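Enquirer: One predicted model, sequence on top.
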Amino acid sequence: MSRSLIVFASGSAEGGGSGFRELVEHSFLSQSFLDVHVLAVVSNYANGGVKKLAEKMRVRNFHFFDGPYTADNYREIVHRYRADFVALSGWLKKVSGLNPAKTVNIHPGPLSGGGKSGPFGGPGMYGHHVHEAVIAAYRRGEVKESAVTMHFVTEEYDSGPIITRWPVLIRPEDTPETLATRVNEKERAIQSWVMNLVVRGHVRLIRDGDGWRIKASEEMCAVLPGTEACP
């Protein structure tokens, strides 16, 4: 039986929402590549690109007004649509109040994990800001690669347990723009697949004392690079 999903995607005043579109299209595939029904998409732009895309794809759109982005408001939205899972796909606001085991974020750069976001995550580290920081670190000899990171969402910004840190090699001639293009390609390739692993219970977040830890099968550990579930 298909589970339900609500997507949070900021987009922009004119465009955006490519990750949201990929999730919807993958949910339509006959092979159940993403075994969910996308109930709605949430954007903080009243008439932005995400809304236009949602209307084109015949998916309900909800405008999350410009604050306050409180735990109560997040919970009210998810409860309104009775969503089983939440996908943050280009959502630029801090999230709180949702079930971490049912909420997954995709981030266009490497995160540290272990409860810390690291230098490429946290407030203000989104989109081109991430790619500029990664390239600068590469020029200083501090990193050799970027990554697409998918993680469960806890109360700390970009610090939830990591499901996968999918590597993206940095080329000597790369600029923030060229790196962004390849990172975005990887985002579109893996987002639905990894989300489906969570929906089907192959990768789970469970309580561990006062915190959380990821549990994954041996088969999943063999194919998920950089997950905190697999040493």
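Expert: Thanks, I have it. Residues are numbered from 1 along each chain as shown.

Enquirer: Count the neighbours of residue 103 for me.
Expert: 25 (other C-beta atoms under 10 Å). For every residue, glycine as well, the C-beta is placed using N, CA and C.

Enquirer: Tell me how far it lies from residue 140.
Expert: 34 Å (C-beta to C-beta, to the nearest Å).

Enquirer: Can you get me the start-to-end distance on stretch 9-19?
Expert: One end of stretch 9-19 to the other measures 8 Å (C-alpha to C-alpha, to the nearest Å).

Enquirer: what does that stretch rub up against?
Expert: 7, 20, 41-45, 47-50, 53-54, 88-93, 106, 184, 187-188, 191 (C-beta atoms under 8 Å, 6 or more residues apart in numbering).

Enquirer: Buried ones among those?
Expert: 7, 20, 41-45, 48-50, 53-54, 88-91, 106, 184, 187-188, 191 (16 or more other C-beta atoms under 10 Å).

Enquirer: Could you identify the longest helix within this protein?
Expert: helix 176-199 (DSSP state H).

Enquirer: Would you indicate which residues of it are buried?
Expert: Going by neighbour count (16+ other C-beta under 10 Å), the buried part of helix 176-199 is 176, 179-180, 182-184, 186-188, 190-192, 194-199.

Enquirer: what does stretch 54-62 give?
Expert: Buried residues in stretch 54-62, counting neighbours by 16+ other C-beta under 10 Å, are found at 54, 57, 59, 61, 62.

Enquirer: Off-centre distance for the longest helix of the chain?
Expert: Taking C-alpha atoms, centre = their mean, to the nearest Å, one finds helix 176-199 lying 9 Å from the centre of the chain it belongs to.

Enquirer: which residues touch residue 78?
Expert: Residue 78 touches 6, 86, 98, counting by C-beta under 8 Å, 6+ apart.

Enquirer: now do residue 5
Expert: Residue 5 neighbours (C-beta under 8 Å, 6+ apart): 23, 27, 36-39, 83-87, 195, 199.

Enquirer: so where do the strands sit in the chain?
Expert: Counting by DSSP state E, the chain has strands at residues 3-8, 36-43, 60-63, 85-89, 103-107, 145-152, 162-169, 203-208, 211-216.
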